[in-house]
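Undergrad: okay, sequence plus prediction incoming.
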Amino acid sequence: DSLQKASDDLTSWCRENSMRLNTTKTKEMVIYFGKRFSESAIQPIVIGSSTIDRVNKFKLLGIYFTSDLKWTEHVNYIVTKATKRFFVICQLARIGIDSTAIVTVYCSIVRPILEYASPVWHCGLSQGQSDDLENVQKRCLKMIFPDLSYADALGIAGIERLSERRERAVISLFKEIKHPSHILSNLLPLKPVESHGRPTVRRDDYPYRLPVAKTCRRACSFMSYSVSKRY
């Protein structure tokens, strides 16, 4: 009921401000892991005379979200998209272009696909999904340096493992959020404050508490992950 009311309020606001909602491009995704209700028991959202389509996945700003809050769909999507550009790397290696130049091309047209908005989904990756992403870079370097191991190729190319780069991106974003002027700083889970106005600190002065997480999904969220790593 609250979702329908929010939709009605949004529709009224759009009408008052001479805007029109495109209901054909509006989707609803139900995220519910309880057993009390079935998804069919949750009434769909209606805007005007149109019933909003209910989906199990949707793409938002280049990232695939699914109702099970896993990243399988997104990882498969970016791996497929990145491998379509192997042809360029293969052709450059075949005609004898300098390896340094080919590495530059890889870092320009392939790696950005594998790292786009990575702080959003890195924390929730399984080891298998992380390996799938790493294998893309491994295959590219094998085309460029066919006689070298992956570790040696990384050293000569002067690049890092994708997992290390994603981890550094998470650290960088979390440090930005910790600044009081950041728009998301109010979401940080601060430790309780005592009556005299000082944070309750027992063993150290780390200002954030680890949020209570009853599921792995919650524990692997960006905030919980960053606090657990004490970034």
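TA: Cool, the structure landed.

Undergrad: can you classify the closest residue to residue 51 other than its chain neighbours by secondary structure?
TA: Residue nearest to residue 51 in three dimensions, not counting chain neighbours: residue 44, with 5.2 Å by CB to CB, 6 or more residues apart in numbering. Heads up, the C-betas are built off the backbone N, CA and C, glycines and all. Following DSSP: H, G, I helix; E, B strand; the rest coil, the label given to residue 44 is coil.

Undergrad: list the contacts for residue 147?
TA: Counting by CB atoms under 8 Å, 6 or more residues apart in numbering, residue 147 touches no other residue.

Undergrad: ditto for residue 138
TA: Counting by CB under 8 Å, 6+ apart, residue 138 has contacts residue 150.

Undergrad: so it is in which element?
TA: Element membership for residue 138, per DSSP states H and E: helix 127-144.

Undergrad: tell me the contacts of the residue nearest to residue 51?
TA: Neighbouring residues of residue 44 by CB under 8 Å, 6+ apart: 28, 51, 52, 54.

Undergrad: give me the secondary structure label for the nearest residue to residue 118 once chain neighbours are set aside.
TA: Spatially, and ignoring its direct neighbours in sequence, residue 118 is nearest to residue 166 (4.5 Å; CB to CB, 6+ apart). What three-state DSSP gives for residue 166 is helix.

Undergrad: the chain: helices as residue ranges?
TA: Along the chain, counting by DSSP state H, helices occupy 2-16, 72-83, 86-94, 99-109, 111-115, 118-121, 127-144, 150-157, 162-177, 216-219, 222-228.

Undergrad: please spell out which residues along the lowest-mean-pLDDT helix or strand in the chain are buried.
TA: Least confident helix or strand of the chain, by mean pLDDT, DSSP states H and E, is helix 216-219 with a mean of 79. Buried residues in helix 216-219, counted by 16 or more other CB atoms under 10 Å: residue 219.

Undergrad: what does stretch 220-231 give?
TA: 220, 222, 223, 224, 225, 226, 227, 231.

Undergrad: among the contacts of residue 44, name the buried ones.
TA: residue 52.

Undergrad: from the contacts of residue 44, which is closest to residue 14?
TA: Among the contacts of residue 44, residue 52 lies closest to residue 14 (CB to CB), at 14.5 Å.

Undergrad: now do the contacts for that closest one.
TA: Contacts of residue 52 by CB under 8 Å, 6+ apart are 7, 23, 26, 27, 28, 44, 45, 46.

Undergrad: and those, which are buried?
TA: 7, 23, 45.
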